[in-house]
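Peer 1: Compute the structure for the input listed below.
(2 chains)
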2 protein chains.
Amino acid sequence: MSLLVIGSVAFDAVETPFGKTEKMLGGSASHFSLSASFFTDVRIVGVVGGDFSDTEQQVFDAHQINTNDLERVPEGKTFRWFGRYDYDLNVAHTLDTQLNVFADFQPKVSAESKNARLVFLGNIQPDLQRGVREQIPNAELVALDTMNLWIDVARESLIRTIEGVDVVVINDAEARQLTAIPNLIKAARTILSWGPKALIVKRGEYGAALFTSDSYFAIPAYPLESVFDPTGAGDTFAGGFMGYLASQKNLDDAAMRRAMIFGSVMASFNVEEFGTARVERLTHDEINQRFRTFKQMTHFEEIPFERTARAIE
Amino acid sequence: MSLLVIGSVAFDAVETPFGKTEKMLGGSASHFSLSASFFTDVRIVGVVGGDFSDTEQQVFDAHQINTNDLERVPEGKTFRWFGRYDYDLNVAHTLDTQLNVFADFQPKVSAESKNARLVFLGNIQPDLQRGVREQIPNAELVALDTMNLWIDVARESLIRTIEGVDVVVINDAEARQLTAIPNLIKAARTILSWGPKALIVKRGEYGAALFTSDSYFAIPAYPLESVFDPTGAGDTFAGGFMGYLASQKNLDDAAMRRAMIFGSVMASFNVEEFGTARVERLTHDEINQRFRTFKQMTHFEEIPFERTARAIE
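Peer 2: Here you go, the predicted model:
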């Protein structure tokens, strides 16, 4: 088995300036696995309630996402998130959160799940993330996402968890908050000093950056004239990144760089429609086309300046 | 003559969390010309007062910057700017502005200046910019910078001025304000529809983007662990961009892309010390080294995803 994700499967209700939806498939594990499924076999560890219906299950099935470890609590309700975005689509306003069955989520890592080559610890309580990580000691690469809440209420536990993973995936505000260092480059060096071999900093409309001990890689975001619903963009990025890596033999710097591009490509599609709608019907041709556009929009010729060029005047 | 800049020559007093200086050479034309001088011959149209001394003149002379059109008003005082930066170095707080001789600045474009192949209209009142532009109808490429003040008080005049130039160089907040369009990509298309063939959007620590009618190019900023004084970074970027272009025969998209990198390289040096100190003692080797680093930090292999790669599992 290639890739395992631990995270939330949820119903989202989202309002944006461009429309609203009452109830759609959401949650970190949903967005992640759907995105990763274009590149590799992926399996979810999570929990849903009795209201999780065949309609949602069908989305996973249609993309060969393994849900054997998606726990069902028939008498419980699925995690629900209610959010709103104003014209500044970078900021999500949470209107209501109903944790429901997710409140007591204890990830159960089956024997099969323990064979995962790559693991993504979605944004849940850091103690739980660490518990999962310790149950899969032989994974080749483990990545972790988190959020400002855990930096506020469980910083020490989060740092211990970060010490035990290979890749940290966070946004720039979180990197600054986590380290209390305003300069992002210094903040990144500090996080790497805790143990991970790579740090990915997501910058929303400004793109993303990959820090390792001896390399720095930074890319812009795909230029979109209209962003419809940014919910799940970060997890879709992570799904593309980890899914692509899982398809590669060597998880070296060159592969991670390409994975950054595929992650950005997947995120750029995700935000074009509500929820998972756009990614659900993506094709590999569309993905590769946008991958090539990334190359075009970042390419320049490596011709250093020659003083003698002044002679042309 | 290759490159002409119209703009301010000033004395800056700057406080940052890392230090302060009472009086140093500043102003858009100073930062621009110093940066451009590493790539081409550059000439300033501007005005200074009787307090402009040999010490400051020496900076221009040492870099072969032509100041024949730098007007001197012996009984007047040079433009002074007093500013402060807090830990968020992206935001300049103006403590005081003393326009002095700059208040009545009427750019005088000499016969020699009219031969300029490239022209940069630094951030001054848009009517004045347009007046200069009209006096140099044969320039091969004219670029313009502006600021939020002119968008507030002289928007119509600014748009008329933009209609007559080839390249607009502004930051992302200004692009949004100028067009009243929150989405940057749409805002950029709107500005291009007014006439310019290229728009450069500066994004501070997030890098810069180049929009043309049929191409998009975006680059990150050079990753700096400490930014000491951001004053003049935008003009230093523009100086590197225009100076490099002036050294090239073909001002095509490929040259503009490399010029974006050289502009970013120059700006990255500028912010490392107060005022013009770092750029004054730069070498071409240092510039080219950072140019190559930009290539390394943006490079990835163009290998599209192949479904068959899944077979490796």
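Peer 1: Can you tell me the SS state at A:Ser110?
Peer 2: coil (DSSP: H, G, I helix; E, B strand; the rest coil).
Peer 1: residues contacting the nearest residue in space to it that is not next to it in sequence?
Peer 2: Leaving out its chain neighbours, the residue that sits closest to A:Ser110 by C-beta to C-beta, 6 or more residues apart in numbering or on different chains is A:Asp69, at 5.3 Å. C-beta here means a position set from N, CA and C on the backbone, and glycine is covered the same way. By C-beta atoms under 8 Å, 6 or more residues apart in numbering or on different chains, the residues touching A:Asp69 are A:Arg43, A:Ile44, A:Val45, A:Gly46, A:Lys108, A:Val109, A:Ser110, A:Glu112, A:Ser113.
Peer 1: For those, which entry has the maximal number of neighbours?
Peer 2: A:Gly46 (28 neighbours; other C-beta atoms under 10 Å in any protein chain shown).
Peer 1: The helix or strand containing that residue near chain B at all?
Peer 2: For A:Gly46, the host element (DSSP states H and E) is strand A:42-49. No - judged by C-beta under 8 Å from any C-beta of the partner chain, strand A:42-49 and chain B are separated, with a smallest distance of 11.3 Å.
Peer 1: Which neighbouring elements make contact with that strand?
Peer 2: Contacts defined by 3 or more C-beta pairs under 8 Å, 6 or more residues apart in numbering or on different chains; DSSP states H and E place strand A:42-49 against strand A:3-6, helix A:28-36, strand A:65-66, strand A:70-73, helix A:233-246.
Peer 1: what about 7 Å?
Peer 2: strand A:3-6, helix A:28-36, strand A:65-66, strand A:70-73 (3 or more C-beta pairs under 7 Å, 6 or more residues apart in numbering or on different chains; DSSP states H and E).
Peer 1: Need the mean per-residue confidence for it.
Peer 2: Averaged over strand A:42-49, pLDDT sits at 98.
Peer 1: Please save the CA atoms from it in CSV.
Peer 2: Extracted in CSV, the C-alpha atoms of strand A:42-49 (Å, rounded to 0.1, in the frame of the first residue of the first chain):
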residue,chain,number,x,y,z
VAL,A,42,-4.5,5.9,-1.1
ARG,A,43,-6.2,4.8,2.1
ILE,A,44,-8.1,6.8,4.7
VAL,A,45,-8.1,6.5,8.5
GLY,A,46,-11.0,8.5,9.8
VAL,A,47,-14.5,8.4,11.3
VAL,A,48,-18.0,9.3,10.0
GLY,A,49,-21.5,9.1,11.4
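Peer 1: Would you mind measuring from A:Trp194 to chain B?
Peer 2: For A:Trp194, the distance to chain B equals 18 Å [C-beta to the nearest C-beta, to the nearest Å].
Peer 1: Ok, A:Gln135 next?
Peer 2: A:Gln135 is 21 Å from chain B, by C-beta to the nearest C-beta.
Peer 1: ok, which pair from the contacts of A:Asp69 is furthest apart?
Peer 2: Greatest spatial distance among the contacts of A:Asp69 (C-beta to C-beta): A:Gly46 and A:Glu112, at 15.0 Å.
Peer 1: For A:Ser157, which non-adjacent residue is closest in space?
Peer 2: Using C-beta to C-beta, 6+ apart, the closest residue to A:Ser157 is A:Pro126 (4.3 Å).
Peer 1: from what I can see that neighbour touches A:Ala154, true?
Peer 2: Yes - with contact defined as C-beta atoms under 7 Å, A:Pro126 reaches A:Ala154; the gap is 5.1 Å.
Peer 1: of these two, who's got more company?
Peer 2: Neighbour count, other C-beta under 10 Å: between A:Pro126 and A:Ala154, A:Pro126 has more, with 23 against 16.
Peer 1: Look up phi and psi at that one.
Peer 2: The phi and psi values for A:Pro126, taken as degrees, to the nearest 10, are phi -60, psi -30.
Peer 1: which residues touch it?
Peer 2: A:Thr146, A:Trp150, A:Ala154, A:Ser157, A:Leu158, A:Thr161 (C-beta atoms under 7 Å, 6 or more residues apart in numbering or on different chains).
Peer 1: Any figure for the gap between it and A:Leu118?
Peer 2: Plainly put, A:Pro126 is 20 Å away from A:Leu118 if you go by C-beta to C-beta, to the nearest Å.
Peer 1: do the same with A:Ser247
Peer 2: In this view, A:Ser247 and A:Leu118 are 10 Å apart by C-beta to C-beta.
Peer 1: now A:Glu163
Peer 2: A:Glu163 is 19 Å from A:Leu118, where distance means C-beta to C-beta.
Peer 1: who's more crowded, those two?
Peer 2: A:Leu118 (25 against 11).
Peer 1: The more buried one bridge partners, please.
Peer 2: Beta-bridge pairing of A:Leu118 under DSSP bridges involves A:Leu3, A:Leu141.
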